[in-house]
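**Student:** how would this look folded up:
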Amino acid sequence: MVRIIEAHDKVTLLDAKEMLRREFEVIKKREEKEQAFNASTRERGGRGGRGRGSGSRRGGRSTSGGSRGRRPIKSEFRVSCFNCNQYGHKREDCPELKNDKTGDEFVFSATSCAQVRAATWLLDSGASCHMTDELADFVEYQELKSPISITVANGQQLPAKGRGSVRFALQSGRVIKLTDVLHVPQLDRKLVSVPALTARGVLVQFERDRTTLIMAGETVGVIFRSGKLFAWSVEQLEHAQVAQVTGISKQGSDNVLWHARLGHVSASKMFAMSKVCGGLPALDHEDDHMIAVCGGCAQGKMTTSPFARKSGSEVKTRHPLEVVHTDVMGPMKPKSKGGALYVLTFIDDYSRFVYEYLLTSKAQLFDRFREFKALAETQTGYKVKCLRSDNGGEYTSQRFNQFCALSGIVHQTSAPYSPQQNDLAERINRTLAEMARSMMHYMEVDRQWWGEAVMTAAHIINRIPNSARRDKTPVGVLTGEQTSLDYLRVFGSSGYVHLDKGKRTKWDAKSHRCIFLGYAENSKAYRVCDFEDQRLVKTRTVTLDERPPSRYRDVVLVNGGRDSRSGTVPADDDDDWGASHSGHGS
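**Tutor:** The predicted structure follows:
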C-alpha cells in the first residue's frame with residue numbers, strides 16, 4: 001500500500017482512504033474464502049467413503065471399524081493453496097510458509113537464489129539501484145573510475161565495477177530497457193530496484209502472488225511470486241539479438257548516441273575516429289550494421305550517385321592554403337532564423353578544414369572572402385596561393401579578380417556547366433547539407449534553424465578524419481594536437497539552460513527550457529535557444545535530453561528514461577576545442 005501511494009505524485013486524503021478501503025475489502029474476501037474452504041474440508045474429512053471411497057457422492061458415516069474392517073479414507077484436498085497455488089494442501093499447511101523464518105526476508109532478496117534461472121531478475125524493494133553480476137547482460141557499459149561499495153543484507157560489502165544499460169524481452173514481445181544498472185561481479189544474482197522504478201514514475205502494485213509494473217497508465221510487466229521472491233523471468237537479449245531488435249550491437253546505444261552527436265556519420269568513419277580522437281567509446285569493428293536503419297539518415301541523406309572521383313584522393317599540396325576550394329550553396333527555403341539564404345564554403349586542400357559563412361545575398365561574398373583570407377592567413381602563418389571556384393558571376397566580377405591579382409592569388413575557375421571540376425567543394429557542400437538535414441529530421445528541429453545545423457555540421461566535419469587523411473582530423477592537422485570529442489552533444493536536444501544570478505530574483509527558477517543549436521565561436525560554450533526569452537544565448541552549463549522523439553525510439557524505457565547528460569563545458573584551458581573559423585549569421 002505504501003509503495004502504491006509513494007508512486008503517485010499527488011495523493012489526497014480521500015484517495016488514500018479509498019485505497020485503504022479497497023485493500024481491506026480484498027483482505028476480508030480472502031479470509032472469508034479461506035474460512036469457507038477450511039470448513040468445507042473439515043466436513044468432508046469427517047465422512048467416510050462407501051463402496052468406491054471418498055470420490056463417491058454417496059456415503060455413510062465412517063467408524064474405526066466397519067463391517068468389512070476398512071480404515072477411514074482421508075479426503076483429498078482439491079483446492080489450490082492460497083500461497084503457492086499448488087494442489088493438495090491448504091495455506092496453513094504450505095511447506096513454503098513453514099520454511100519462512102521471517103516475514104520480511106523478501107524485502108531485500110539476499111537469500112539463496114539457486115532456484116532462480118540465469119535469465120531471472122529479482123524484484124527487490126531494499127536495493128537502491130538495479131544490479132547484475134554478468135557483464136554480458138549490458139548493451140551499454142562504462143567502467144567506473146573507482147569502484148562503488150555495495151552493502152548487501154548480510155552486511156558484506158561488494159564492489160561495483162561498472163554502470164550501464166540492460167535490455168531484455170518479455171513473453172509479450174516487448175523490449176525493456178533498464179538504465180543505471182550497476183555491474184557487481186560477486187553478487188550472484190540480478191536485482192530490479194523498486195525505489196529506482198518508483199523514482200522514475202513507474203507504479204509498482206504489490207499483490208499477494210504478483211506485482212504489476214505500470215507506466216503512463218500502461219502495464220509494462222507482471223512479476224509473479226516464486227516462494228519468497230518476486231522473480232521476473234525474461235529472455236535476456238544477446239548482442240546479436242539486440243542488433244536485430246533495436247538497431248545496435250555490442251556497444252549498444254553508445255553507438256547510436258555518438259552517431260547522432262557526430263552528425264550521422266557512417267560507422268566506418270566512427271571506427272576511424274575512435275582511433276585518432278579522444279572522448280569516443282572504443283569500437284570493435286568497422287561495420288555499418290552496428291548502426292542499423294537510422295530515421296534521421298533515411299530522411300536526410302541523398303540517394304543520387306556521387307560525382308566520380310579522380311584516381312587517388314591523397315593530398316598533393318605541401319602546406320595549408322596552398323590551394324583553397326570554394327563554392328556557394330543556395331538559395332535556401334525558408335530563410336534561416338537570421339535571414340540567411342546562402343552558405344559560402346572555403347576548404348583548405350592540405351588540411352581539408354572547412355570555413356563556413358552564412359549570406360543573406362551573394363553580394364556579401366566578396367567581403368566574406370576578404371575576412372576568410374585575413375583569418376586563415378593569420379591563424380596558419382601561410383598565404384593563400386590558389387583559389388578554385390566555379391564560373392559563377394559572384395566569383396568572376398571585376399572587383400573579385402582585381403583583388404586576387406593584387407594579392408598574388410591564382411584564381412582557377414571550372415568550365416561552364418562542369419561542376420565536377422570543382423568536385424571537392426561540391427562534395428563538401430553535399431555532405432554539409434546531408435548532415436544538417438539528418439540532424440534536423442532526427443530531432444524534429446524546425447526548418448528555420450537550418451543555418452545553425454549547417455554551422456554545426458561544419459564544426460563536426462572539421463573533427464572527423466577524411467579519405468585524404470585517415471590518421472588525422474582537419475583540426476589536428478592545423479593544431480598538431482589530438483582532437484577531443486567528449487563535449488559533443490546531439491543537435492536539437494531539448495534541455496534546461498542555467499540562468500546567472502544577475503538575471504533572476506531569489507525565488508525565480510534557476511533555469512529555462514531550451515534547445516541545443518550548436519557550438520559557440522572562439523569560446524568553450526554551447527549555443528542554445530532560450531524558449532522563455534526567445535533568443536540565442538551562449539552558455540557553459542546546460543542539461544540536455546539527447547533522446548530522439550518517440551517515433552525514433554526502439555524500446556520502452558522503464559528506468560532512467562531521460563538519458564540526461566550534463567552539458568557543463570570543461571574549464572581546463574588546456575582542453576581546447578580548436579578555432580571554429582565559421583561565421584554565424586543564421
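
**Student:** Now stretch 180-187: buried residues?
**Tutor:** 180-184, 187 (16 or more other C-beta atoms under 10 Å). All C-beta spots, glycine's among them, are computed from the backbone N, C-alpha and C.

**Student:** what is the rounded mean pLDDT of it?
**Tutor:** What stretch 180-187 shows for mean pLDDT is 88.

**Student:** Residues contacting it, please?
**Tutor:** 129-133, 135, 137-138, 141, 148, 150, 152, 158-166, 196, 559-560 (C-beta atoms under 8 Å, 6 or more residues apart in numbering).

**Student:** Domain parsing of this protein, as residue ranges.
**Tutor:** Under automatic domain parsing, the residue ranges defining each domain of the chain are 2-99, 105-237, 293-586.

**Student:** Buried ones in stretch 457-477, by neighbour count?
**Tutor:** The neighbour-count check on stretch 457-477 (16+ other C-beta under 10 Å) flags 457-466, 468-469, 472-477 as buried.

**Student:** So which of those residues are in helices?
**Tutor:** Judged by DSSP state H, helices contain the following of the buried residues of stretch 457-477: 457-461, 474-477.

**Student:** tell me which of the residues you listed is nearest to residue 428?
**Tutor:** Using C-beta to C-beta, residue 461 comes nearest to residue 428 of these, at 7.5 Å.

**Student:** wait, doesn't the closest one sit right on residue 428?
**Tutor:** Yes - in this structure, residue 461 is within contact of residue 428 by C-beta atoms under 8 Å, at 7.5 Å.

**Student:** So for these two, which residues contact both of them?
**Tutor:** Common neighbours of residue 461 and residue 428 are listed as residue 354 (criterion: C-beta under 8 Å, 6+ apart).

**Student:** Strands - which of the contacts of stretch 180-187 land there?
**Tutor:** If you go by DSSP state E, the contacts of stretch 180-187 have 131-132, 138, 141, 148, 150, 158-166 in strands.

**Student:** from those, which single one is nearest residue 448?
**Tutor:** Nearest to residue 448 among these is residue 165, at 34.5 Å by C-beta to C-beta.

**Student:** list the buried ones in stretch 210-228?
**Tutor:** By 16+ other C-beta under 10 Å, the buried positions in stretch 210-228 come out as 211, 213-215, 220-221, 223, 225-228.

**Student:** no wait, stretch 411-429
**Tutor:** Counting neighbours by 16+ other C-beta under 10 Å, one finds that the buried residues in stretch 411-429 are 411, 413-414, 422-429.

**Student:** got a list of contacts for it?
**Tutor:** Contact with stretch 411-429 is made by 306-310, 325-327, 329, 343, 345, 347, 349, 354, 386-391, 395-396, 400-401, 404, 461, as judged by C-beta under 8 Å, 6+ apart.

**Student:** let's see it at 6 Å
**Tutor:** With C-beta atoms under 6 Å, 6 or more residues apart in numbering as the test, stretch 411-429 has contacts from 307, 325-327, 329, 345, 347, 387-391, 404.

**Student:** Poorly predicted segments of this structure, please.
**Tutor:** Residue ranges of the chain with pLDDT under 70: 1-18, 29-30, 33-88, 90-119, 170-174, 216, 235-255, 266-315, 417-419, 550-586.

**Student:** ok, which stretches of it are helices?
**Tutor:** Using DSSP H, the helices of the chain run over residues 2-6, 13-45, 95-99, 194-199, 239-246, 253-261, 267-276, 295-300, 365-380, 398-407, 423-442, 450-461, 474-479.

**Student:** who are the neighbours of the fourth one, in terms of helices and strands?
**Tutor:** Put plainly, it is helix 194-199. Contact analysis of helix 194-199 by 3 or more C-beta pairs under 6 Å, 6 or more residues apart in numbering; DSSP states H and E lists strand 203-206 as its packing neighbours.

**Student:** The strand it packs on - which strands sit beside it in the sheet, and in what orientation?
**Tutor:** Here strand 203-206 has these sheet partners by DSSP bridges: strand 210-215 (antiparallel).

**Student:** Touching the strand it pairs with from outside, list them.
**Tutor:** Outside strand 210-215, the residues within contact range by C-beta under 6 Å, 6+ apart are 123, 202-203, 205, 220-224, 230.

**Student:** now, which of the residues you listed sits nearest residue 517?
**Tutor:** The shortest approach to residue 517 among the contacts of strand 210-215 belongs to residue 202, at 32.9 Å (C-beta to C-beta).

**Student:** What about that closest one, how many residues nearby?
**Tutor:** By other C-beta atoms under 10 Å, 19 other residues sit near residue 202.

**Student:** Over to residue 366?
**Tutor:** Per other C-beta under 10 Å, the neighbour tally for residue 366 reads 15.

**Student:** How many residues are close by the closest residue to it other than its chain neighbours?
**Tutor:** Leaving aside its sequence neighbours, residue 366 sits nearest to residue 400 (C-beta to C-beta, 6 or more residues apart in numbering; 5.6 Å). Per other C-beta under 10 Å, the neighbour tally for residue 400 reads 19.

**Student:** next one: the one 3 residues further on
**Tutor:** Here the neighbour count serves as a burial measure; for residue 403 (other C-beta under 10 Å) it reads 16.

**Student:** hang on, the earlier thing: now, the most widely separated pair of the buried residues of stretch 411-429?
**Tutor:** Spanning the widest gap among those are 411 and 427, at 20.8 Å by C-beta to C-beta.

**Student:** hmm, back to that, distance to residue 360 added to the buried residues of stretch 411-429, as CSV?
**Tutor:** Formatted as CSV, the buried residues of stretch 411-429 follow (distance: C-beta to C-beta, whole Å):
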residue, distance to residue 360
411, 24
413, 24
414, 26
422, 23
423, 28
424, 26
425, 21
426, 23
427, 25
428, 22
429, 18
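
**Student:** so residue 331 sits right up against residue 339, yeah?
**Tutor:** No - Residue 331 is not in contact with residue 339 according to C-beta atoms under 6 Å; the separation is 11.8 Å.

**Student:** which residue sits closest to residue 376, ignoring its sequence neighbours?
**Tutor:** residue 321 (5.9 Å).

**Student:** Ok, residue 431 next?
**Tutor:** residue 461 (6.7 Å).

**Student:** what's the answer for residue 466, then?
**Tutor:** residue 352 (5.2 Å).

**Student:** sorry, back to before: in strands, which of the buried residues of stretch 180-187 fall?
**Tutor:** Mapping those onto strands (DSSP E) picks out 180-183.

**Student:** Closest one of those residues to residue 380?
**Tutor:** Once C-beta to C-beta is applied, the member of those that ends up nearest residue 380 is residue 180, at 45.6 Å.

**Student:** And that closest one, how far from residue 144?
**Tutor:** Distance, residue 180 to residue 144, using C-beta to C-beta, to the nearest Å: 12 Å.

**Student:** Same check on residue 334?
**Tutor:** 47 Å.

**Student:** Residue 490 now?
**Tutor:** Distance, residue 490 to residue 144, by C-beta to C-beta: 24 Å.

**Student:** what do you get for residue 217?
**Tutor:** Going from residue 217 to residue 144 by C-beta to C-beta gives 36 Å.

**Student:** now residue 350
**Tutor:** As judged by C-beta to C-beta, residue 350 and residue 144 stand 42 Å apart.

**Student:** ditto for residue 525
**Tutor:** According to C-beta to C-beta, residue 525 and residue 144 sit 29 Å apart.

**Student:** can you check residue 373 too?
**Tutor:** Computed as C-beta to C-beta, the residue 373 to residue 144 distance reads 50 Å.
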